[in-house]
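# Sequence unavailable; structure follows:
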Ligand code: CP
Ligand code: NVA
């Protein structure tokens, strides 16, 4: 795609900076984003709301937020992040767009690129995300697909490092469904250089291609069916819902995944300083016991707050 001269006289770069998966980006780029997220968080400590950051770097820019599925954190944090960076947002749901009536994702991308400066999309269909990005002249951000959830991991690594220092060389244990969030944890393990031990039932492990990718990257990613083996001595224990958006086999999943619940007995096997993370929404009594979720080792509210700071780093990188 050729560079484009905008009516404002600005030149739109020929290759938009998409944020589709952590595996697309190199470690220094991701590290710089985390540094930027922390810097912005510190700079506005104690200030909430939509008051802009002092430099308002995205003044005059517009982000379209497309939600084909529900969201609390992703929606609110991107909206607030954009406003605090001086920009504006436009929130659209799948059935409000002509997409719902058969307009192609490619045509939608071409048209939106003429109106807005960046697009964040939440859709279960990962191929639709890729098609949007392939046809957009503006950056596209993956706000969760069935396959991955990269924005979540930026907040998660930020939270780990705030609590426990550099994540490189440390150990994170995942107990539960090998879902979209687990997939992005695998990408993160490779890029941030930590050991990831996943405990998943045989029916709900991560996609084999992901494990092959991790091997190719020489990442320290280990898969077991035993949550106790995964969690023993870990610095951080993570889980996520046992029934993700789009999953239809709820009862079978809950039965198979019940032994992977993160409860007090499992947390007791982790390192004494270990923290608990969960991207939320949480289901107490399913993937996590109430005592762990609301206990002293839980860092989930910082993790949710950090979505806001991480989104700012993603947005400024995409729109630099
Ligand atoms: N963790 C997360 O992405 O939450 P939402 O589904 O509420 O956006
Ligand atoms: N795995 C969950 C994450 C929600 C943020 C889902 O896809 O529903």
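Everything's here; your move. Everything numeric in this text was worked out from a predicted model, so none of it was measured. Ligands and ions are numbered 1, 2, ... in the order given.
# Report the separation between residue 257 and residue 224.
The gap separating residue 257 from residue 224 is 15 Å, by Cβ to Cβ, to the nearest Å. C-beta: built from backbone N, CA, C; applies to glycine.
# Correction: the previous question concerned residue 197.
7 Å.
# what does residue 206 give?
Remark: distance between residue 206 and residue 224 (Cβ to Cβ) = 12 Å.
# now residue 168
22 Å.
# More neighbours: these two, which one.
Taking other Cβ atoms under 10 Å, residue 168 and residue 224 do not tie; residue 224 has more neighbours (15 against 11).
# any idea how far residue 231 is from that one?
Per Cβ to Cβ, residue 224 is found 10 Å from residue 231.
# shared neighbours, these two?
Counting by Cβ atoms under 8 Å, 6 or more residues apart in numbering, the contacts common to residue 224 and residue 231 are 197, 199.
# on that earlier part again, overlap in contacts, residue 197 and residue 224.
residue 230.
# what's near enough to touch the residue nearest to residue 83 when sequence neighbours are not counted?
Distance criterion Cβ to Cβ, 6 or more residues apart in numbering; nearest residue to residue 83, sequence neighbours excluded, is residue 50 at 4.3 Å. Applying Cβ under 8 Å, 6+ apart, we find residue 50 in contact with 80, 83-84.
# Get me the contact residues on this protein for ligand 2.
144, 179-181, 240-241, 244-245, 279 (Cβ under 6 Å from any ligand atom).
# what helix or strand does the residue nearest to residue 83 sit in?
Secondary structure assignment for residue 50, by DSSP states H and E: no helix or strand.
# who touches both of residue 206 and residue 224?
Residues touching both residue 206 and residue 224 (Cβ under 8 Å, 6+ apart): residue 198.
# what does stretch 148-159 rub up against?
Around stretch 148-159, the neighbours that count as contacts under Cβ under 8 Å, 6+ apart are 19-22, 30, 33-34, 37-38, 74, 126, 141-144, 167, 180-181, 183-185, 187-188, 192, 238, 275, 277, 279, 299, 302-304, 306-307, 309-311, 313-314.
# let's see it at 7 Å
By Cβ atoms under 7 Å, 6 or more residues apart in numbering, the residues outside stretch 148-159 that reach it are 19, 21-22, 33-34, 37-38, 74, 141-143, 167, 180-181, 183-185, 187-188, 192, 277, 279, 299, 302-303, 306-307, 309-311, 313-314.
# Kindly identify which of the residues you listed also come near ligand 1.
Within these, those near ligand 1 by Cβ under 6 Å from any ligand atom are 74, 279.
# Would you mind listing where the stretch 151-300 of the chain has pLDDT under the threshold?
For the stretch 151-300 of the chain, no stretch is flagged by pLDDT under 70.
# which residue does it bring closest to ligand 1?
residue 279 (3.8 Å; Cβ to the nearest ligand atom).
# is it true that that residue touches residue 240?
Yes. With contact defined as Cβ atoms under 7 Å, residue 279 counts as touching residue 240 (5.7 Å).
# Now list whatever residues contact both of those two.
Listed as contacting both residue 279 and residue 240 by Cβ under 7 Å, 6+ apart are residue 181.
# Next, the buried residues of stretch 67-78.
By 16 or more other Cβ atoms under 10 Å, the buried positions in stretch 67-78 come out as 67-69, 71, 73-75, 77-78.
# ok, the residues you listed vs residue 218, which is closest?
Checking those against residue 218 by Cβ to Cβ gives residue 74 as the nearest, at 31.2 Å.
# So that closest one is in contact with residue 143, correct?
Yes. Residue 74 is in contact with residue 143 according to Cβ under 7 Å; the separation is 4.9 Å.
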